[in-house]
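Asks: Here is a sequence together with a model predicted from it:
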2 protein chains.
Amino acid sequence: MNNEGTELSENLEDYLEVIYHLETSEKVARAKDIASNLGIKPGSVTGGLKALDKKGLINYQPYAYITLTDAGKAIAEEIAGRHVVIKNFLTEVLQVDAETADATACRIEHVIDKTTLQRLNCFVDFLSLEKVEGETYLEKFKSFCVCKHTS
Amino acid sequence: MNNEGTELSENLEDYLEVIYHLETSEKVARAKDIASNLGIKPGSVTGGLKALDKKGLINYQPYAYITLTDAGKAIAEEIAGRHVVIKNFLTEVLQVDAETADATACRIEHVIDKTTLQRLNCFVDFLSLEKVEGETYLEKFKSFCVCKHTS
DNA sequence: TATTCTTTTTAGGAAAGACTAACTATTTCT
DNA sequence: AGAAATAGTTAGTCTTTCCTAAAAAGAATA
């Protein structure tokens, strides 16, 4: 039945996130760009847009630009926020390359709960801000990695 | 076409993992238990089992016990291994409760790549084995958390 | 052994998501 | 404005994965 009360699928969360990024970076979200950002064909997006419209998360009129409603924007921002926290952890702590980190964050952002995310965030702060023996914990870890890989 | 060469879906990875756990803990994997472990109805598993059989990952005969082939076992062990690494990080480092950690690990295990996993593992080692000022890094982090949450 | 209970499979159906091809709007360019 | 190019939608199909209900197989027991 897919109505507004229902949970969003990971899929629709991705739509929302892409629309959000397009709105902020390109000023406007077009079906074509949504499709290419999601890696799907243009013909496939209409269904998703209708679903989001029915849930009250986007303003959708055939052939018009797509905009997020306030509700949609709130959700999109939340998802984008999760993405950033996860990506930070992956790139800054685990030293994963940016592209892989983005792809991985894009998946994990849909399955991580609020408190886990909070702790992850707190943890990254700890590692990059707190110091022991004149170094951040993160720097200590990096040295540790180097040692392991060169010994 | 769903043949043997194809990538496994997350879904089928879960089947494999459950069968693996049943084989090791219960000695035998029955459709009924696979269903309940996956949280689906018994009538739904047959399809999955046939798919895994076609891919050569399980030995499936109608009405017989299900066993993993060597190929299936190798994959299942790999997935179970990913699960453990992720769960360890969640419980030991982020202090997530066991149940949430399991649920989360169960999702992340399908989307994390090899090198990211390796680094995560290395990182948990670093935190729980290396010491500064007489404490492990992990202990340092726990104190840091306590301070943050009580101040 | 025959009946009953449990387990598994079949069959039919639904929902989500993607594809292609054909069609319709909109925009752009002359 | 009219033609051409671009963009968006529709319609029909496919796959995956789940569901329910009914049928079949196997196991257990009187």
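Replies: Perfect, I can see it now. Numbering: from 1, shown residues only, chains lettered A, B, ... in the order given.

Asks: if you look at stretch A:94-114, does any of it touch DNA strand C?
Replies: No - remark: stretch A:94-114 sits outside contact range of DNA strand C, by C-beta under 7 Å from any atom of the strand, the gap being at least 10.5 Å. Quick note: C-beta positions are derived from backbone N, CA and C, even for glycine.

Asks: Next: stretch A:9-22.
Replies: Yes - under the criterion of C-beta under 7 Å from any atom of the strand, DNA strand C is reached by stretch A:9-22 at A:Ser9, A:Glu10, A:Asn11, A:Leu12.

Asks: give me the number of residues near A:Glu7?
Replies: Neighbour count of A:Glu7, defined by other C-beta atoms under 10 Å in any protein chain shown: 6.

Asks: quick revisit: most neighbours of all the residues of stretch A:9-22 next to DNA strand C, which one?
Replies: A:Leu12 (20 neighbours).

Asks: part of a strand, is it?
Replies: No - checked against DSSP: H, G, I helix; E, B strand; the rest coil, A:Leu12 lies outside a strand; its state is helix.

Asks: That one against A:Gly48, yeah?
Replies: Yes - proximity of A:Leu12 to A:Gly48 meets the contact threshold set by C-beta atoms under 8 Å, at 6.2 Å.

Asks: farthest-separated two in the residues of stretch A:9-22 next to DNA strand C?
Replies: A:Glu10 and A:Leu12 (7.6 Å; C-beta to C-beta).

Asks: what's the helix or strand for the residue nearest to A:Glu26 when sequence neighbours are not counted?
Replies: Leaving out its chain neighbours, the residue that sits closest to A:Glu26 by C-beta to C-beta, 6 or more residues apart in numbering or on different chains is A:Asp33, at 6.8 Å. Secondary structure from DSSP states H and E places A:Asp33 in helix A:31-38.

Asks: Quick one: list the elements packing against that helix.
Replies: Applying 3 or more C-beta pairs under 8 Å, 6 or more residues apart in numbering or on different chains; DSSP states H and E, one finds that helix A:31-38 contacts helix A:10-25, helix A:42-54.

Asks: Can you check what angle separates the shortest one from helix A:31-38?
Replies: I take that to be helix A:42-54. Between helix A:42-54 and helix A:31-38, the angle comes out at 100 degrees (axes from the mean of the first three to the mean of the last three C-alpha atoms, to 10 degrees).

Asks: List the contacts of stretch A:8-23.
Replies: Stretch A:8-23 is contacted from outside by A:28-30, A:33-34, A:37-38, A:45, A:48-49, A:51-52, A:55, A:57-58, A:66-68, A:72-73, A:75-77, A:79-80, A:83, A:106, A:109-111, using C-beta atoms under 8 Å, 6 or more residues apart in numbering or on different chains.

Asks: one more time with 6 Å
Replies: The contact list for stretch A:8-23 (C-beta atoms under 6 Å, 6 or more residues apart in numbering or on different chains) reads A:29, A:33-34, A:37-38, A:48, A:52, A:66, A:68, A:72, A:75-76, A:79-80, A:110.

Asks: cool, and stretch A:38-54?
Replies: By C-beta under 6 Å, 6+ apart, stretch A:38-54 touches A:Asn2, A:Leu12, A:Tyr15, A:Val18, A:Ala31, A:Lys32, A:Ile34, A:Ala35, A:Ile58, A:Tyr60.

Asks: For A:Ala29, name its beta-bridge partners.
Replies: A:Ile66 (DSSP bridges).

Asks: wait, which of the helices and strands packed on helix A:31-38 is closest to B:Leu94?
Replies: helix A:10-25 (22.0 Å).

Asks: Check whether the closest one comes near DNA strand D.
Replies: No - between helix A:10-25 and DNA strand D, judged by C-beta under 7 Å from any atom of the strand, nothing touches; the nearest distance is 10.7 Å.

Asks: export that helix as CSV, just CAs?
Replies: Provided in CSV are the C-alpha atoms of helix A:10-25 (Å, rounded to 0.1, in the frame of the first residue of the first chain):
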residue,chain,number,x,y,z
GLU,A,10,16.5,2.3,1.2
ASN,A,11,15.8,2.9,-2.4
LEU,A,12,13.5,5.9,-1.8
GLU,A,13,16.0,7.2,0.8
ASP,A,14,18.5,7.3,-2.0
TYR,A,15,16.2,9.2,-4.2
LEU,A,16,15.6,11.8,-1.5
GLU,A,17,19.3,12.1,-0.9
VAL,A,18,20.1,12.6,-4.6
ILE,A,19,17.3,15.1,-5.0
TYR,A,20,18.7,17.0,-2.0
HIS,A,21,22.2,17.1,-3.4
LEU,A,22,20.9,18.2,-6.8
GLU,A,23,18.8,20.9,-5.2
THR,A,24,21.7,22.3,-3.3
SER,A,25,24.5,21.9,-5.9
